[in-house]
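J.: structure here, sequence nowhere to be found:
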DNA sequence: TCACTTACTGGGAACGCTTCCAACTACGTC
DNA sequence: GACGTAGTTGGAAGCGTTCCCAGTAAGTGA
């Protein structure tokens, strides 16, 4: 049914070997023969069979993108799309394809296809949630893996991350600099390292300024708008209420803003607000949100580079690559005390 | 290096054929033999080679998800994530894997891998933008395809879609019912069928109520927050200004809201606002947005079902499946005139 | 006891490609 | 004129599966 390399060889009057050599741009093929083969390829619109090729060369030119959480919880903000765009950028460049491996909320087959030998050359863990499935899989897997975000329990896995801790510290220092002292934080999930590190950056800034961290001003959220709303309502019950809030994600900052509005308070005059991520909405909201920008697409791009470099020429001696990308403070309107 | 079926067969003291039969749950295998083979599989942690299997059975159990536009423009709202989640749901259920085929903003190799024979069993077009690449690819491709959204120029392609036109009509009728008469619309891109159909629904509702469609009250956006903001500012320059606005996406409604706030106007008292999509933020914003809910995950799920059903047992006579899923009006606070 | 089924098993070709190896040319070179 | 040598080619053995086909052993009914 489909045209094979044999068919091409026959049409060009050469052997399969020669046709293969032409296809793969090997040297030492007579120019005239080479042209005859290309002609046959063009005439028949021949496309080589990728599966057969993979089997023969024992590589698939496919990497997996592992998304350990139900996707809709993560895609609620544009983090993952940008990450994937970054990965895709590198993959397209180097002729690799991407498989999506995700845990659905209902399905019970996470990482279904990863285990099958020969299917993937390597994998990128898109968001390092250290759940049991992921850890169990890492335990027994043999293909090279690069993680977005450090995996504490597996220090041998190369990773790329942004400097969450420093970013958080910068933005909280900015709040302090603006004159706020009773600064609360709505953290990310503490089982995610980004959640923990942003919290640590918050602590760093307070401690450095001689302000003690008050446990009641620390509320754990899950990065979603809703959780920011709930956390802010909790914070508003304290007396005196915080005069500034650092939300560990812009979506949570958005939720906090909604709670503040509902309580009749204005930002930044009654309460200052800062976020993390710099999603497009952050610049668009009123007041425009002061936040920390992270180079998300770059993150994905770098992770893919790390993985593909490794795959294309594996290093002689094993070295674990680690890359930390810088974050950037974006000052807007949500934490300036109006005179 | 990796364990093969031959190794398993040898360990269990049987032929490769028998080992294969055990692996694939064929009948007519002696129970004792069967158990010996399974034991060898467990002991060695054997995983069958997917590539070799694909080659032999001439199926890959992989479908492609084709995303014809730079992903970040589409992922700006949670549409695509939910769609993918729906597709993944069906795929996980039936042991299929998903390849992501996306056009990056910089890359010039869209649909890179689709052409390679044997790589994909079928494909889902995630968002029917009729650009040249897509049409060109459809022209020459041979694998089964299902589209999310109708592709006008290729009526032979099965598709799944939501009833955009009726949904838009419902929400505009609701505005009319609330007493608004000078109703503007911010449409989606007119080269996307969803954009056109929502606009037609808007026209339907007005016409049915005996209101004529005023060209100056129709502004084309691109579904993004920013485009909603810009369009609303344009609308505000007209005198008399519209008393209600139907934005063809919630993100654009959000942008419109920002423009209205900036102009010192309140929703719904000065201007009513309605959206389309029912993204999570729609319920969370102030005022909560009246909008049209579309079953996005269901859309993906259905598309995947259509495709996989077709792949698993191709129908004898060719029939083009078409499915239209209903939309639902969600009434909240943004279009009730306060007494 | 003899066909005749039925349950089970192994051999080997096939899937479509890559690549090693050997062989064959043509061209100088001593 | 024998002898490398480099360029060029085809044959054939893989890659790790599936599955058809033939064959054996055991069970069944006349």
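T.: Arrived safely, thanks for sending. Since this is a predicted model, take the numbers as computed values, not measurements.
J.: not counting its neighbours along the chain, what's nearest the closest residue to DNA strand C within the stretch 151-300 of chain A?
T.: Taking C-beta to the nearest atom of the strand, DNA strand C has its nearest neighbour within the stretch 151-300 of chain A at residue A:158, 26.5 Å off. Placement of C-beta: from N, CA and C, glycine included. Spatial nearest neighbour of residue A:158, excluding adjacent residues (C-beta to C-beta, 6 or more residues apart in numbering or on different chains): residue A:321 at 4.2 Å.
J.: what about the helices in chain A?
T.: A:5-12, A:16-23, A:31-44, A:50-57, A:71-74, A:79-93, A:132-140, A:164-177, A:193-208, A:225-236, A:250-262, A:280-284, A:296-312 (DSSP state H).
J.: interface residues of the stretch 1-150 of chain A facing DNA strand C?
T.: A:2, A:4-6, A:16-17, A:20-21, A:23-24, A:48-49, A:52-53, A:55-57 (C-beta under 7 Å from any atom of the strand).
J.: low-confidence stretches in the stretch 101-250 of chain A?
T.: A:104-115, A:128-129, A:132 (pLDDT under 70).
J.: ok and the residue in it nearest DNA strand C?
T.: With C-beta to the nearest atom of the strand, the shortest gap between the stretch 101-250 of chain A and DNA strand C falls at residue A:118, namely 11.5 Å.
J.: just checking, residue A:160 touches residue A:325?
T.: Yes - applying C-beta atoms under 8 Å, one finds residue A:160 in contact with residue A:325, separated by 6.9 Å.
J.: picking that back up, are any of the residues of the stretch 1-150 of chain A next to DNA strand C buried, and which?
T.: Buried members of these, scored by 16 or more other C-beta atoms under 10 Å in any protein chain shown, are A:4-5, A:20-21, A:23, A:48-49, A:52-53, A:55.
J.: need the overlap of contacts for residue A:160 and residue A:325.
T.: Counting by C-beta atoms under 8 Å, 6 or more residues apart in numbering or on different chains, the common neighbours of residue A:160 and residue A:325 are A:299, A:302.
J.: more neighbours: which of those two?
T.: With neighbours defined as other C-beta atoms under 10 Å in any protein chain shown, residue A:160 and residue A:325 compare such that residue A:160 has more, 26 against 14.
J.: check contacts around that one.
T.: Applying C-beta under 8 Å, 6+ apart, the residues near residue A:160 are A:146-148, A:299, A:302-303, A:306, A:322-325.
J.: ok, of the residues you listed, which one's closest to residue A:201?
T.: residue A:324 (13.3 Å; C-beta to C-beta).
J.: and that closest one, how many neighbours?
T.: Around residue A:324 there are 14 other residues, counting by other C-beta under 10 Å.
J.: quick check: the gap between it and residue A:197.
T.: Separation of residue A:324 from residue A:197 (C-beta to C-beta, to the nearest Å) stands at 11 Å.
J.: relative to residue B:24, how far out is residue A:149?
T.: 39 Å.
J.: re the thing from before, mind checking which of the contacts of residue A:160 are buried?
T.: A:146-148, A:299, A:302-303, A:306, A:323.
J.: any chance of JSON lines for those residues, columns distance to residue A:169?
T.: Output for these, formatted as JSON lines (distance: C-beta to C-beta, whole Å):
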{"residue": "A:146", "distance to residue A:169": "26"}
{"residue": "A:147", "distance to residue A:169": "23"}
{"residue": "A:148", "distance to residue A:169": "21"}
{"residue": "A:299", "distance to residue A:169": "19"}
{"residue": "A:302", "distance to residue A:169": "22"}
{"residue": "A:303", "distance to residue A:169": "24"}
{"residue": "A:306", "distance to residue A:169": "26"}
{"residue": "A:323", "distance to residue A:169": "20"}
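J.: follow-up on the earlier one: quick one: the residue of the stretch 101-250 of chain A closest to DNA strand C and residue B:4 touch, right?
T.: No - between residue A:118 and residue B:4 there is no contact under C-beta under 8 Å: 10.7 Å.
J.: overlap in contacts, these two.
T.: In contact with both residue A:118 and residue B:4: residue B:49, using C-beta under 8 Å, 6+ apart.
J.: before we move on, the earlier item: from residue A:178, how far out is the residue of the stretch 151-300 of chain A closest to DNA strand C?
T.: 39 Å.
J.: likewise residue A:122?
T.: 45 Å.
J.: ok, back up a step: residue A:147 is in contact with the residue of the stretch 151-300 of chain A closest to DNA strand C, correct?
T.: Yes - contact criterion C-beta under 8 Å: residue A:158 and residue A:147 qualify, at 7.2 Å.
J.: export the helices of chain A as JSON lines, with columns for distance to DNA strand D.
T.: Shown next, in JSON lines, are those (distance: least, C-beta to the nearest atom of the strand, whole Å):
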{"stretch": "helix A:5-12", "distance to DNA strand D": "7"}
{"stretch": "helix A:16-23", "distance to DNA strand D": "4"}
{"stretch": "helix A:31-44", "distance to DNA strand D": "4"}
{"stretch": "helix A:50-57", "distance to DNA strand D": "4"}
{"stretch": "helix A:71-74", "distance to DNA strand D": "30"}
{"stretch": "helix A:79-93", "distance to DNA strand D": "24"}
{"stretch": "helix A:132-140", "distance to DNA strand D": "16"}
{"stretch": "helix A:164-177", "distance to DNA strand D": "42"}
{"stretch": "helix A:193-208", "distance to DNA strand D": "36"}
{"stretch": "helix A:225-236", "distance to DNA strand D": "45"}
{"stretch": "helix A:250-262", "distance to DNA strand D": "45"}
{"stretch": "helix A:280-284", "distance to DNA strand D": "47"}
{"stretch": "helix A:296-312", "distance to DNA strand D": "18"}
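J.: residue B:238: which of those helices is closest?
T.: Closest among those, using C-beta to C-beta: helix A:280-284, at 23.2 Å.
J.: so how far is that closest one off the chain centroid?
T.: Distance, stretch centre to chain centre, for helix A:280-284: 20 Å (C-alpha atoms, centre = their mean, to the nearest Å).
J.: so what does it touch, helix or strand wise?
T.: Where contact means 3 or more C-beta pairs under 8 Å, 6 or more residues apart in numbering or on different chains; DSSP states H and E, helix A:280-284 is packed against helix A:250-262, helix B:225-236, helix B:250-262.
J.: do that again at 10 Å, thanks
T.: When contacts are defined as 3 or more C-beta pairs under 10 Å, 6 or more residues apart in numbering or on different chains; DSSP states H and E, helix A:280-284 sits against helix A:250-262, strand A:291-293, helix B:225-236, helix B:250-262.
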